[in-house]
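> Have a look; sequence and predicted model below, questions after that.
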Amino acid sequence: LDAQGTETVLRCENVNDKKTRIEGFTIRGGQGQYISGEPTAGGIQLVESSPTISSNKLEKNYDSHDNEVGIRCIAESSPVIEGNIFNGSKVEIGLSWQSNKSANAIIRDNQFNGCGILIECTGSTLIERNTIKENSSYAIECKSTSGCSPIITNNFLTDNNSSIVLYCKDSSGKIERNIIANNAGTAIRVERVFVGKENGPQIVNNSIDGNKGDAILVTTSFSKVYKVPNVKNNIISNNAGFALREYGTNSEFSTATYNLFYNNSEGLYRNREGQIYTEVALMDSTHDEFFENIEGDPLFANRIEGNFNL
């Protein structure tokens with residue numbers, strides 16, 4: 001299906017039966033035409049619609065502002081997006097000015113090349129078993145002034161060019177069992193700006209290795225202290241920045257426990273006062289929120305070739 005730069009390839013309105021399937025197409029050449037209050041995607045535009053979109057290839061699709069958007073879901077659309085190949089045509093769930101609307105999309109088993117995923121609404125979108133690589137922007141970006149709670153699990157985020165790979169702004173949820181490796185900047189940034197909820201996402205059982213910035217960066221512009229709970233059971237190794245870093249007077253980790261640290265160039269931990277810790281024993285003994293962390297080579301099977309089995 002090639003729109004040859006004339007229009008959105010496919011638009012669904014009020015299609016809410018999961019048995020409706022968009023499957024097996026190459027979707028390309030879409031150019032979204034501007035609709036007042038509703039920027040349109042080039043590839044697939046969903047409005048109050050939740051079909052299943054599977055086994056397609058999306059490429060060279062542009063929205064009404066010439067951004068590369070393969071699928072845009074607005075107004076409480078909760079599709080299943082699975083088994084697709086995205087070449088430079090990203091997925092967007094929600095719009096920034098509809099951040100109070102809820103969507104519970106499922107995005108799984110997709111290959112993203114030079115593009116990624118943006119969540120701009122409330123709800124609990126499931127992002128699992130995707131491979132995202134060679135993206136010049138955020139591989140996954142979650143932001144909503146009302147707070148969103150995505151579940152980001154078992155993804156492989158590698159060789160992305162962004163300064164931040166997984167960016168959570170005003171969002172909670174879970175980041176678990178992901179491999180975030182060999183990216184050009186910070187692996188995970190958690191930022192709280194406006195929303196009243198105090199907790200950021202849980203960060204559990206991830207392998208964060210070989211990134212050119214910090215492994216986990218916590219920052220806030222909020223007026224009171226907020227904490228990121230349960231930084232737990234992660235392998236944090238070979239990163240060029242800090243393993244854990246707090247930036248801003250109101251940023252703080254709630255707990256950091258049972259993590260394995262190894263060879264992070266700047267150090268283990270930089271707190272919000274700017275103090276740097278380079279030894280696990282000193283970090284754990286000085287801060288009540290840190291305990292049972294260890295330091296040692298994780299013994300990946302072959303991290304250079306992308307094999308992060310132990």
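Yes, it's here. Numbers count the residues shown, from 1 in each chain.

> any idea of the pLDDT on residue 145?
Listed pLDDT for residue 145 reads 66.

> Equivalent analysis for residue 53, please.
With respect to pLDDT, residue 53 scores 96.

> what residues are up against it?
21, 22, 23, 44, 71, 79, 80, 81, 82, 84 (CB atoms under 8 Å, 6 or more residues apart in numbering). Quick note: C-beta positions are derived from backbone N, CA and C, even for glycine.

> same check, this time on residue 276
242, 266, 267, 269, 270.

> With residue 11 instead?
Taking CB under 8 Å, 6+ apart, we find residue 11 in contact with 40, 44, 45, 47.

> Nearest to residue 294 among those?
residue 44 (46.6 Å; CB to CB).

> quick one: the closest one and residue 28 touch, right?
No: Residue 44 lies out of contact with residue 28 (CB atoms under 8 Å); the separation is 11.5 Å.

> Give me the common contacts of these two.
With CB under 8 Å, 6+ apart, residue 44 and residue 28 have common neighbours 9, 58.

> between the two, which one's more packed in?
Neighbours per residue, other CB atoms under 10 Å: of residue 44 and residue 28, the larger number sits with residue 44, 30 against 21.

> Quick check: phi and psi on the more buried one?
Dihedral pair for residue 44: phi -130, psi 130, per degrees, to the nearest 10.

> got a pLDDT number for it?
Reported pLDDT for residue 44: 96.

> One more: residue 98?
On the pLDDT scale, residue 98 gets 74.

> residues touching it, list them.
Residue 98 neighbours (CB under 8 Å, 6+ apart): 74, 75, 120, 121.

> Pipe those residues into a markdown table and attach distance to residue 279 and pLDDT per row.
Formatted as a markdown table, the contacts of residue 98 follow (distance: CB to CB, whole Å; pLDDT from 0 to 100):
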| residue | distance to residue 279 | pLDDT |
| --- | --- | --- |
| 74 | 50 | 89 |
| 75 | 52 | 81 |
| 120 | 41 | 88 |
| 121 | 43 | 87 |
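
> Can you tell me which of the contacts of residue 11 is nearest residue 279?
With CB to CB as the yardstick, the closest approach to residue 279 among the contacts of residue 11 comes from residue 44, at 51.5 Å.

> give the contact list for the closest one.
With contact set as CB under 8 Å, 6+ apart, residue 44 has these partners: 8, 9, 10, 11, 12, 22, 27, 53, 58, 70, 71, 72.

> hang on, residue 53 is in a strand, isn't it?
Yes: under DSSP: H, G, I helix; E, B strand; the rest coil, residue 53 falls within a strand.

> So in terms of bridging, what pairs with it?
Counting by DSSP bridges, residue 53 is bridged to residue 22, residue 81.

> distance of the residue lying closest to residue 310 once chain neighbours are set aside from residue 203?
Residue nearest to residue 310 in three dimensions, not counting chain neighbours: residue 299, with 6.0 Å by CB to CB, 6 or more residues apart in numbering. Distance, residue 299 to residue 203, using CB to CB, to the nearest Å: 22 Å.

> can you list the weak-confidence ranges in this protein?
Residues of the chain that meet the criterion pLDDT under 70 lie in 145-146, 194-198, 223.
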